[in-house]
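Undergrad: Here you go, sequence then predicted model.
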Amino acid sequence: MADYYDTLEVPKTATPEEIKKAYRKKAIQFHPDKNPGDADAEGRFKEISEAYEVLSDENKRQVYDRYGKEGLGGFAGGGAGAGGPGFASMEDALRTFMDAFGGGGGESIFESFFGGGFGASGDPSSMRMARQGASKRVNLKVSFEEAATGVEKELQISNLVSCGDCGGKGSKGADGVKACNQCGGNGQVFEQRGFFSMSMTCPQCQGEGQIITDPCSGCRGRGVVKEKQRVKVGIPPGVDTGMRLKMAGYGDSGHSGGPSGDLYIFIQVEPHEVFEREGNDVLLSLPVSFAEAALGCKKDVPSVFNRSCRITIPEGTQSGKVFRIKGEGFPNVHGRGKGDLLVRVIVETPTKLSGKQKDLLREFAELEGPANLPHNKGFLDKLKGFFKDN
């Protein structure tokens, strides 16, 4: 027989996950149910199952790596661990096959081999278990100021709730419910496929296990009715566009006694005419005149919390200079401090000048020198160097 690693076509450094993946692929390929009457496929199925049975066991794998197949004779159990030339029977190989597809996360044998049938849990009884109701999503717009301070909003939603006339049973009375005769009240029907018995949702009762023969007039046998509800939602300060709030239990009513679904609220913060948001900071562009920037001044600026903050603009302030006011930005939505208010100065160039204003500016221009224009002098020096190099 070939080396176990060669049999599964994996390197000797393969991880347990890689070994299991390789075995699953080959086991499905050579399984007797997919190759009825094929003795070669049956032999290959036993070989790859034997290889997996050893390499999936950490202790057996260490012994095999060191001493080869002969060293495995000391292990008890079926398969190669018994020291024989392979699995003694197809039952041993099938047992390994079932172990490889059972538990541990991943897809079940029923999903891989037959393309589904038991549902997500792999448990036939789960078909009749109580199910959670559907969750709902709503989009909620809040103003820039509301996002900063927090607000309570009222929403109107439409949900499926348990029918008050029948208590969610779907029938007028106890006599209006009969066990499904196709599945015997189990909710599943069974089908034999090779070695396996497959469970599927009963097509007659849709997995309920019962048939409503005298449906409730209020819900027409569904057990639920649509109802409009008003819900108050607390919006925490600091929310931003794209954030999601969850209100547990505010979705549709559960099925067969299951819990209600949830309500998910997606936030959209409306833009502001004056303020911009940068993370938890708030940016405000403040226009000042040429004279104010040159001589310096004091300015009162608004904050997002509807209060006034005073800043001092020193003489000679350049356009684009940013002043920071601590703690006047958005609160962190998780309660970890607050952002700042960033005031960016924009120096405006005067327009529509009168004749006197123009005369004064010309007179001022004649008095200007390099000391008055620090950035201008540096820029001219760079230009001189550029033209000299070229």
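TA: Here it is on my side, so go on.
Undergrad: Quick check: next helix or strand after the lowest-mean-pLDDT helix or strand in the chain?
TA: Every helix and strand of the chain was ranked by mean pLDDT, DSSP states H and E. The lowest is helix 109-113, at a mean of 48. Using DSSP states H and E, the next helix or strand after helix 109-113 towards the C-terminus is strand 136-142.
Undergrad: What is that next one packed up against?
TA: In terms of contacts (3 or more Cβ pairs under 8 Å, 6 or more residues apart in numbering; DSSP states H and E), strand 136-142 is packed against strand 151-162, strand 224-235, strand 263-269. (C-beta placed from N, C-alpha, C; glycine too.)
Undergrad: Let's see that with 7 Å instead.
TA: On a contact count with 3 or more Cβ pairs under 7 Å, 6 or more residues apart in numbering; DSSP states H and E, strand 136-142 meets strand 151-162, strand 263-269.
Undergrad: ok, and for whichever helix or strand comes after the first one, which residues are buried?
TA: Downstream of strand 151-162, the first helix or strand assigned by DSSP H and E is strand 177-179. Within strand 177-179, the residues that qualify as buried are residue 177, counting by 16 or more other Cβ atoms under 10 Å.
Undergrad: Strand partners (parallel or antiparallel) of strand 177-179?
TA: In the sheet, strand 177-179 lines up against strand 210-212 (antiparallel) (DSSP bridges).
Undergrad: average model confidence for the partner strand?
TA: In this model, strand 210-212 carries a mean pLDDT of 85.
Undergrad: what does that strand rub up against?
TA: Contact with strand 210-212 is made by 170, 171, 176, 177, 178, 179, 180, 185, 205, 221, as judged by Cβ atoms under 7 Å, 6 or more residues apart in numbering.
Undergrad: what two of these have the greatest distance between them?
TA: Spatial extent of the contacts of strand 210-212 (Cβ to Cβ) is set by the pair 185 and 221 at 17.5 Å.
Undergrad: contacting residues for residue 61?
TA: 54, 55 are the contacts of residue 61 under Cβ under 7 Å, 6+ apart.
Undergrad: what's the domain layout of the chain?
TA: Using automatic domain parsing, the domain parsing of the chain gives 4-116, 136-269, 275-348, 355-389.
Undergrad: Against residue 188, how distant is residue 206?
TA: Distance, residue 206 to residue 188, using Cβ to Cβ, to the nearest Å: 11 Å.
Undergrad: which of these two has more neighbours?
TA: Using other Cβ atoms under 10 Å as the criterion, residue 206 and residue 188 rank with residue 188 on top: 22 against 12.
Undergrad: tell me the centre residue of the protein?
TA: residue 244 (11.3 Å; Cα atoms, centre = their mean).
Undergrad: is it true that that residue touches residue 263?
TA: No: between residue 244 and residue 263 there is no contact under Cβ atoms under 7 Å: 10.6 Å.
Undergrad: so what's the residue lying closest to residue 218 once chain neighbours are set aside up against?
TA: Spatial nearest neighbour of residue 218, chain neighbours left out: residue 165 (3.6 Å); criterion: Cβ to Cβ, 6 or more residues apart in numbering. Taking Cβ under 7 Å, 6+ apart as the contact definition, residue 165 lies against 216, 218, 219.
Undergrad: pretty sure the second one is in a helix, no?
TA: No: assigned with DSSP: H, G, I helix; E, B strand; the rest coil, residue 218 falls outside any helix and is coil.
Undergrad: ok, so what distance separates it from residue 167?
TA: For residue 218, the distance to residue 167 - Cβ to Cβ - is 11 Å.
Undergrad: Neighbour count: the two, which is higher?
TA: More neighbours surround residue 218 than the other of residue 218 and residue 167, with 15 against 11 (other Cβ under 10 Å).
Undergrad: how close does the more buried one sit to residue 157?
TA: To residue 157, residue 218 is 21 Å away according to Cβ to Cβ.
Undergrad: what do you get for residue 321?
TA: Taking Cβ to Cβ as the measure, residue 321 and residue 157 are separated by 49 Å.
Undergrad: For the stretch 251-390 of the chain, give me the ranges with low pLDDT.
TA: Scanning the stretch 251-390 of the chain for pLDDT under 70 picks out the ranges 374, 376-390.
Undergrad: the strands in it, which residues?
TA: Here the stretch 251-390 of the chain has its strands, by DSSP state E, counting those that start in this stretch, at 263-269, 275-278, 281-289, 297-302, 308-313, 322-325, 341-348.
Undergrad: is it possible to export those strands to a markdown table including distance to residue 132 and mean neighbour count?
TA: Listed next are the strands of the stretch 251-390 of the chain as a markdown table, based on distance: least, Cβ to Cβ, whole Å; neighbours: other Cβ atoms under 10 Å:
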| stretch | distance to residue 132 | mean neighbour count |
| --- | --- | --- |
| strand 263-269 | 13 | 18 |
| strand 275-278 | 36 | 16 |
| strand 281-289 | 41 | 17 |
| strand 297-302 | 47 | 13 |
| strand 308-313 | 49 | 13 |
| strand 322-325 | 48 | 15 |
| strand 341-348 | 45 | 17 |
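Undergrad: so can I have a markdown table of these showing distance to residue 49?
TA: Shown next, in a markdown table, are the strands of the stretch 251-390 of the chain (distance: least, Cβ to Cβ, whole Å):
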| stretch | distance to residue 49 |
| --- | --- |
| strand 263-269 | 47 |
| strand 275-278 | 61 |
| strand 281-289 | 63 |
| strand 297-302 | 76 |
| strand 308-313 | 76 |
| strand 322-325 | 70 |
| strand 341-348 | 68 |
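Undergrad: The ones you listed: which one's closest to residue 136?
TA: Of all these, it is strand 263-269 that lies closest to residue 136, at 5.1 Å by Cβ to Cβ.
Undergrad: ok, back up a step: ok, residue 185 and residue 221, which is more surrounded?
TA: residue 221 (20 against 16).
Undergrad: pretty sure that one is in contact with residue 215, am I right?
TA: Yes: distance between residue 221 and residue 215: 3.1 Å, which falls inside the contact criterion (Cβ under 7 Å).
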